[in-house]
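1. predicted coordinates and the sequence they were generated for:
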Amino acid sequence: MSAYFLVGLVRLFSGICGTVVDVRILVVEDEEPLADAIARGLRREGMAVDVALNGDDGHEKSSITRYDVVLLDRDLPGMSGDELCKEIVASGELTRVLMLTASGTVSDRVEGLSLGADDYLAKPFAFPELVARVRALGRRATPAAPPLLTAGDVELDPARRTVRRGGESVELTRKEFGVLEVLMAAKGAVVSSEELLERVWDENADPFTTTVRVTVMTLRKKLGEPGIIETVVGSGYRVPDAGSTKG
């Protein structure tokens, strides 16, 4: 795998335009430079990405975390990509599987899809096409559009990715939006910093970081007064009067 190829991959990913779909991705690929380049590119698209370099690690991570899409190389050390695909399908989750492989014949594609994969892309692939396929699968992995989330005069629309307060639009970063969505969806329950870190960021986030605290602080400033996010000392955060209405 040439350095030129990998640099080109990241540049192509970072230059792609379009609507961002926030999804959780697992890349299972034993070529570490390629796996890292794909992960960096997808993160630039606003997605949370974890990486596994063999089938066994991929199986462990997919068993613990509910991913929207798994990018899965068929030829893996440890558990094979085919076996991992069957395990993911058998789990009954909404996770979608996109197989990546050097084998691009019709028979190979048919075999991969017959294992339960949702899509199949042969290497080398066009990177903008990979992003488009991931986004499409991410939409299929998402349940029906949720209702509007409300707390006082704050209204969050998960489908349109918008927040309004008192009828006025509030511009948030992807992470700020993610934190607010998780808190409001909890409907008054306390959400720990660890859970926020796991659900809004990815496995590369430092568990001892102050990222969550800082993000909550900037989120409070943008939402203004009266504040809707309470700190529960020693436990986490909550939005006490959060509820939902039909969109």
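-> Everything's here; your move. Residues are numbered from 1 along each chain as shown.
2. ok, residue 109 to residue 99 distance?
-> From residue 109 across to residue 99, the span is 9 Å (Cβ to Cβ, to the nearest Å). From N, CA and C alone the C-beta is placed, and that goes for glycine too.
3. out of those two, which sits in the busier spot?
-> Neighbour count, other Cβ atoms under 10 Å: between residue 109 and residue 99, residue 99 has more, with 26 against 18.
4. so in terms of bridging, what pairs with that one?
-> residue 72, residue 120 (DSSP bridges).
5. ok, now how distant is it from residue 140?
-> Counting by Cβ to Cβ - residue 99 and residue 140 are separated by 15 Å.
6. could you do residue 226 as well?
-> 40 Å.
7. next one: residue 43
-> 21 Å.
8. what about those two, which has more around it?
-> The residue with more neighbours, out of residue 43 and residue 140, is residue 43; 16 against 13, by other Cβ under 10 Å.
9. now find how far off-centre the strand or helix carrying that one is within its chain.
-> For residue 43, the host element (DSSP states H and E) is helix 32-44. Put simply, helix 32-44 sits 14 Å off its chain's centre (Cα atoms, centre = their mean, to the nearest Å).
10. same for that helix, what does it pack against?
-> helix 3-15, strand 24-28, strand 48-52, helix 127-141 (3 or more Cβ pairs under 8 Å, 6 or more residues apart in numbering; DSSP states H and E).
11. which residues touch the second one?
-> Strand 24-28 is contacted by residues 35, 38-39, 42, 47-55, 57-58, 61-62, 65-73, 76, 81, 84, 134, 202 when judged by Cβ atoms under 8 Å, 6 or more residues apart in numbering.
12. go again using 7 Å as the cut-off
-> For strand 24-28, the external contacting residues (Cβ atoms under 7 Å, 6 or more residues apart in numbering) are 35, 38-39, 42, 47-52, 55, 58, 61-62, 67-73, 76, 81, 84, 134.
13. and that strand, which strands flank it?
-> Assessed with DSSP bridges, strand 24-28 is paired to strand 48-52 (parallel), strand 69-73 (parallel).
14. CA-only coordinates of whichever helix or strand comes after the first one in CSV, if you can.
-> So the one you mean is strand 48-52. Downstream of strand 48-52, the next assigned helix or strand under DSSP H and E is helix 55-64. In CSV, the C-alpha atoms belonging to helix 55-64 read as follows (Å, rounded to 0.1, in the frame of the first residue of the first chain):
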residue,chain,number,x,y,z
GLY,A,55,-11.6,-11.0,13.1
ASP,A,56,-11.4,-11.9,16.7
ASP,A,57,-11.1,-8.2,17.8
GLY,A,58,-13.9,-7.3,15.4
HIS,A,59,-16.1,-9.9,16.9
GLU,A,60,-15.4,-8.7,20.4
LYS,A,61,-16.1,-5.1,19.5
SER,A,62,-19.3,-5.8,17.6
SER,A,63,-20.6,-7.9,20.5
ILE,A,64,-20.1,-5.0,22.9
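15. please state the offset of helix 55-64 from the chain centre?
-> The answer for helix 55-64 is 16 Å, by Cα atoms, centre = their mean.
16. if you count contacts, what does it end up packed against?
-> Packed against helix 55-64, as judged by 3 or more Cβ pairs under 7 Å, 6 or more residues apart in numbering; DSSP states H and E, are the following elements: strand 24-28, strand 48-52, helix 81-90.
17. compare the mean pLDDT across the ones you listed and name the weakest.
-> Averaged per stretch, pLDDT over those is lowest on helix 81-90, reaching a mean of 90.
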